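Visitor: model this:
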Amino acid sequence: SQPEWEQLLTNCSAFLFYGMERFMSHILLNRLVAMNIPKCHLMILLDLVRSKQSHQRIVNSDIHKSCLHIALERPTESAMLLSLTGVRSIIANQWYTTLQENAERLEILSENLLSIARTTGQTVHSLQK
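Guide: Down below sits the predicted model:
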């Protein structure tokens, strides 16, 4: 629910979203832009996974949204909005992906950030290889 999203986002120093389709399609944009999230140092968005069911859910949801609203849910626009709310660093998918590819990314991110203690920049660089 929206209140749960808001509570999670405002009370975290790091946030990981691992889910289907676009992260921003799961929260209300008008509420997000009014939020202040300066405590969140890192947000990892492993989204943009598409299945037939998730795609149909998004299509049904997008029917009720303006073109501008849909555009704000794209990866670059999402990162800009989250940055404006106070999130300090954002690691996010840029293109649609598979569950397997996202699972591999999560494993690499976890290993680099938690086990090896690399910086976020070093971790993103390791994802690009």
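Visitor: what residues are up against the residue nearest to the spatial centre of the chain?
Guide: Centrality entry for the chain: nearest residue to the mean C-alpha point is residue 45, 2.8 Å, by C-alpha atoms, centre = their mean. Residues near residue 45 by C-beta atoms under 8 Å, 6 or more residues apart in numbering: 17, 23, 75, 78, 90, 91, 92, 93. All C-beta spots, glycine's among them, are computed from the backbone N, C-alpha and C.
Visitor: Of those residues, select the buried ones using a PyMOL command.
Guide: To isolate the buried members of the contacts of residue 45 in PyMOL, using 16 or more other C-beta atoms under 10 Å:
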select buried, resi 17+23+75+78+90+91+92+93
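Visitor: quick one: which of the contacts of residue 45 is nearest residue 120?
Guide: Among the contacts of residue 45, residue 91 lies closest to residue 120 (C-beta to C-beta), at 6.6 Å.
Visitor: Quick check: buried residues in stretch 12-27?
Guide: Residues 12, 15, 17, 19, 20, 21, 22, 23, 24, 25, 27 are the ones in stretch 12-27 that count as buried (16+ other C-beta under 10 Å).
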